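[1] Quick one: sequence plus predicted model below, questions after.
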Amino acid sequence: MSSEIPTRGSRKGIRRVFWIALLLSPIALGLGLNLWLSSSYGRQWLGKIIQSRSGFETNVGSATLSPWSGLILHHVDLLHPPPFRQTLTEPFAHIQTIRLTPVWLSWLRGKRELQSIELDSPNIVLPIELFASLARSQPQAPPAPPPVVAPQPPAASPTPAPTPPPPSTPASNTPPAPPSITLPPTGWLHVKNASVTLIAAQSQTQWAKISILSGSIPISGSPAESVLNIGKVVFKDQDPLTNIRAELSWQAPVLSLKPLTSKIEGLELTMGAKIGMLSGLPLQIETLLPRQPLPAFPLASRGSAKADAITVNARFIGLLLAPSTWQGDLITEFSAPSIVIDGHDAKFDRGRTITILRGGMLSCVDARFIGDDLSFLGNATLLADGRVAGVLRMVAPPEVASTLASRVFPKIPQPPSLTPLSTPQRSAFDLQAFGNLNQLFLRLGNDGPILELKR
């Protein structure tokens, strides 16, 4: 029996099938990959990748991949740590759409470079208690070891210095030109309709909110500049700031916020910031409120306060992702401040407060308002676990101190407990605070009654 020899037509058919299969294989591979990404296994795999980078448990609604649009993730939720999930219904971050546009050529070379990242409608809910928990969980930096003195080498016998031979050619004073470095194109983070809310989880109190934030932020590659538009910024019990235009400048590896001037409650302030695209995200913020009049603003007990002038200097520095490294200073100075407390007008010559942030502990180390007839002196500390301790001393003539204490705390069951001073013309009323942010107590006077502050 003789085997049949393939004809030329059959060989052409085999080649045709081979080329068709070769051309269709990328399409089949893409369809299979997208089917896998849309499955629960693919979405869990993407969520674990995001969790490994962010530290937050992540859920991904759906995902697609194509050579033209890159990787697109829909309905991405970054969940709060378990202690906050019972009090906060919204996730830590909800992002409608994330689009990652890779530089395919660099990926083929083994380098994972992104041309741009687009975030559509990201909504971040940031509880202030999260900072405290992170500061407590991070270990403090160990103290530096004491310097070690190296043994001194034995003294060497003096030897005459050799005379170098004259150079054969004169040396050139011009250094060689450094080699030129070609930077890659600028990488961008595009943000559309973003919002950030700072909230106290226990009390469900909103402290600040930034909304309608859109713009492009350079984050890698060649130097670039851009503008970030912020529609509204609202602080607790304050009038909103609207239509803020923040100018950004990128010079690798630092992204800078150019000096931004704005007004809060009629006061003009200037703020600048820098963040490094490095491990931990080093951040520096400086704020200056130059000397200017302080208009009257309300206080508790039907009171109000104002000053002829106020000056504020604030500075923050640390790693954004490591709250235990945060350091801050806030210095406020007042000229001729005055306070009205329940109809009593108190005038002071000067006032000053100094507040510092170190290692997760916020302390007002010195607060004083000095006047001829009335003075206030105090300090306070807030720990990372929420515990609070502080004292405010009022120094005045005995009758004035008793009257003011009775007006501010009319439900005191006994006369205010005053502390005598070295001169009979002056007495002190000490107001001591202790407890935590969820349950705060006041001791009214030395060995006086204790009052619990109700929310």
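    Received it, and whenever you're ready, just let me know what you need.
[2] low pLDDT regions in the stretch 51-200 of the chain?
    Low-confidence regions of the stretch 51-200 of the chain, defined by pLDDT under 70, span residues 107-108, 134-181.
[3] And the strands in it?
    58-66, 70-78, 93-102, 114-127, 187-200 (DSSP state E, counting those that start in this stretch).
[4] Quick check: which ranges of the stretch 351-455 of the chain have low pLDDT?
    Low-confidence segments of the stretch 351-455 of the chain, defined by pLDDT under 70, span residues 455.
[5] just the strands in it please.
    Under DSSP E, counting those that start in this stretch, the stretch 351-455 of the chain gives strands at 361-370, 375-382, 387-396, 419-420, 427-436, 440-444, 450-452.
[6] How far away from the center of its chain is the shortest one?
    Relative to the mean C-alpha coordinate of its chain, strand 419-420 is positioned 44 Å out (C-alpha atoms, centre = their mean, to the nearest Å).
[7] quick one: strands adjacent to it?
    Taking DSSP bridges as the criterion, strand 419-420 sits next to strand 427-436 (antiparallel) in its sheet.
[8] do the same with the first one
    Each strand that pairs with strand 361-370, with its direction, by DSSP bridges: strand 350-358 (antiparallel), strand 375-382 (antiparallel).
[9] Dump the ones you listed to JSON lines, plus distance to Asp77.
    (Each C-beta comes from the backbone N, C-alpha and C, glycine too.) Shown next, in JSON lines, are the strands paired with strand 361-370 (distance: least, C-beta to C-beta, whole Å):
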{"stretch": "strand 350-358", "distance to Asp77": "31"}
{"stretch": "strand 375-382", "distance to Asp77": "31"}
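[10] Of all those strands, which one comes closest to Glu452?
    In terms of C-beta to C-beta, the element of the strands paired with strand 361-370 nearest to Glu452 is strand 375-382, at 17.7 Å.
[11] can you list contacts of the closest one?
    348, 361-369, 388-396, 433, 437 (C-beta atoms under 8 Å, 6 or more residues apart in numbering).
[12] Buried ones from those residues, can you make that a ChimeraX selection?
    In ChimeraX syntax, the buried subset of the contacts of strand 375-382 is picked out as below (16 or more other C-beta atoms under 10 Å):
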select :348,362,363,364,367,368,369,388,390,392,393,394,395,396,433,437
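[13] excluding its backbone neighbours, what's nearest Leu269?
    Leu289 (4.4 Å; C-beta to C-beta, 6 or more residues apart in numbering).
[14] For Glu118, see how far away the one you found is.
    Note on Leu289: its distance to Glu118, by C-beta to C-beta, to the nearest Å, is 36 Å.
[15] where's the closest residue in space to Glu247 that isn't next to it in sequence, which helix or strand?
    Of all residues not flanking Glu247 in the chain, Lys258 sits nearest, at 4.3 Å (C-beta to C-beta, 6+ apart). Per DSSP states H and E, Lys258 falls inside strand 254-264.
[16] quick one, that strand and strand 187-200 angle?
    50 degrees (axes from the mean of the first three to the mean of the last three C-alpha atoms, to 10 degrees).
[17] before we move on, the earlier item: redo the strands of the stretch 351-455 of the chain as JSON lines? Include distance to His80.
    Below are the strands of the stretch 351-455 of the chain laid out as JSON lines (distance: least, C-beta to C-beta, whole Å):
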{"stretch": "strand 361-370", "distance to His80": "23"}
{"stretch": "strand 375-382", "distance to His80": "22"}
{"stretch": "strand 387-396", "distance to His80": "23"}
{"stretch": "strand 419-420", "distance to His80": "46"}
{"stretch": "strand 427-436", "distance to His80": "21"}
{"stretch": "strand 440-444", "distance to His80": "25"}
{"stretch": "strand 450-452", "distance to His80": "29"}
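[18] Leu37 is nearest to which of those strands?
    Comparing those by C-beta to C-beta, strand 361-370 comes nearest, at 44.9 Å.
[19] which residues are in contact with that closest one?
    Strand 361-370 has contacts (C-beta under 8 Å, 6+ apart) with 334, 337, 339, 348-357, 375-384, 390, 392.
[20] how about JSON lines for the strands of the stretch 51-200 of the chain, with mean neighbour count and distance to Leu404 added?
    Shown next, in JSON lines, are the strands of the stretch 51-200 of the chain (neighbours: other C-beta atoms under 10 Å; distance: least, C-beta to C-beta, whole Å):
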{"stretch": "strand 58-66", "mean neighbour count": "17", "distance to Leu404": "55"}
{"stretch": "strand 70-78", "mean neighbour count": "18", "distance to Leu404": "50"}
{"stretch": "strand 93-102", "mean neighbour count": "18", "distance to Leu404": "48"}
{"stretch": "strand 114-127", "mean neighbour count": "18", "distance to Leu404": "37"}
{"stretch": "strand 187-200", "mean neighbour count": "18", "distance to Leu404": "31"}
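[21] Contact partners for the residue nearest to Gln206 when sequence neighbours are not counted?
    Using C-beta to C-beta, 6+ apart and skipping the chain neighbours, the partner closest in space to Gln206 is Ile199 (5.2 Å). Going by C-beta under 8 Å, 6+ apart, Ile199 touches 88, 125-128, 205-207.
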